[in-house]
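S.K.: The following comprises the amino acid sequence and a computationally predicted model.
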Amino acid sequence: MTTMSRSKTSGSAKRFKMAPIRNDAEHEAMISEIGRLWDARPGSMEHDRLEILGMLVDAYEAKRWPIEAPDPVAAIKARMEQTGRRPRDLAKVLGSTSRASEVLRRRRRLTVEMIWALNREWQIPAESLIRPYRIDTPERRGARRQPRQAGGR
């Protein structure tokens, strides 16, 4: 990551020297500088600096605080929440109510056909839907039952 540190020049103009953002204090200084430049006129040198600082801060933040993409079920639930859709809407896309329920409860994996339909009809990025994710098996749910013995309790 790189940042621009201020150095004084003649007059009121300020020049920036490129230097990496190495820590949170430097990050905060760049955020403050962005605030100062926020209303810069597009096309001006200050606006150019604002854009560059924004890119540098974005790169630092992506490295410092990465956001992992959601797993496929979380991506589906997020899209449902964003668009006001319900499980019955998912059932229409996936082909049945039971299939939609099993996917949402992590008891069934998405098929290529399901991924294709969700990408095409709900515009969920395919990259979000093809990631590996946990399925709740009977063993994980603790639902495996021992068979009853004849004549016993």
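M.R.: Now that the structure is in, tell me what you want to look at. Residues are numbered from 1 along each chain as shown.

S.K.: Return the set of buried residues in the helix ranked longest in the chain.
M.R.: Across the chain, the longest stretch assigned as helix under DSSP state H is helix 45-64. For helix 45-64, the neighbour count (16 or more other CB atoms under 10 Å) marks 46, 49-50, 53, 56-57, 60 as buried. Bear in mind the C-beta positions are built from the backbone N, C-alpha and C, glycine included.

S.K.: pLDDT on it, on average?
M.R.: Across helix 45-64, the average pLDDT comes to 93.

S.K.: Repeat that for stretch 126-144.
M.R.: 82.

S.K.: What residues of that stretch count as buried?
M.R.: For stretch 126-144, by 16+ other CB under 10 Å, it's 128-129.

S.K.: Can I get it in CSV, CA atoms only?
M.R.: Extracted C-alpha coordinates of stretch 126-144, given in CSV (Å, rounded to 0.1, in the frame of the first residue of the first chain):
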residue,chain,number,x,y,z
ALA,A,126,-22.0,-17.5,-9.6
GLU,A,127,-18.7,-17.1,-7.6
SER,A,128,-20.8,-16.8,-4.5
LEU,A,129,-22.8,-19.9,-5.2
ILE,A,130,-20.0,-22.3,-6.2
ARG,A,131,-17.9,-21.9,-3.0
PRO,A,132,-17.6,-25.0,-0.8
TYR,A,133,-19.9,-24.8,2.3
ARG,A,134,-21.0,-26.9,5.2
ILE,A,135,-23.9,-29.2,5.0
ASP,A,136,-25.8,-30.3,8.1
THR,A,137,-25.7,-34.1,8.0
PRO,A,138,-27.7,-36.3,10.4
GLU,A,139,-24.4,-36.9,12.3
ARG,A,140,-23.8,-33.2,12.7
ARG,A,141,-27.4,-32.6,13.9
GLY,A,142,-27.0,-35.4,16.4
ALA,A,143,-30.2,-37.0,15.0
ARG,A,144,-28.7,-40.4,14.4
